[in-house]
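**Student:** Next input, structure requested:
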Amino acid sequence: MDDLFSPIVSDFESEEQAARYDRWLRAKVQVSIDDPRPSIPNAQVMAEMSALMEDKRRKHEAG
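**Tutor:** A predicted model of the protein is given here:
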């Protein structure tokens, strides 16, 4: 099994570091869940990001 995708290998140096990250991530997810603003459909986000990247690519090639 490739260590890059092994569930045994951790990116954290300690259990406490992993636990802190888990708490932080769960809090971020909860804030998102509790956000009263309407969700943005994935297709809309992807279209907007594609347009943004294309604009930046064109500007980079032109200048």
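
**Student:** Now do the helices in this structure.
**Tutor:** Ranges of helices in the chain, per DSSP state H, are 15-34, 42-62.

**Student:** These: which one's closest to V9?
**Tutor:** Nearest to V9 among the helices of the chain is helix 15-34; the distance by CB to CB comes to 12.0 Å. Where C-beta positions appear, they are placed from N, C-alpha and C, glycine not excepted.

**Student:** got a list of contacts for the closest one?
**Tutor:** S10, F12 (CB atoms under 8 Å, 6 or more residues apart in numbering).

**Student:** Number the chain from 771, please
**Tutor:** Sure, I'll start numbering at 771, so the last one becomes helix 785-804.

**Student:** before we move on, the earlier item: CSV for the helices of the chain, including distance to I778, mean pLDDT and mean neighbour count?
**Tutor:** Listed next are the helices of the chain as CSV, based on distance: least, CB to CB, whole Å; pLDDT from 0 to 100; neighbours: other CB atoms under 10 Å:
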stretch, distance to I778, mean pLDDT, mean neighbour count
helix 785-804, 13, 95, 10
helix 812-832, 32, 96, 9
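
**Student:** Before I go, just wanted to say thanks for your time.
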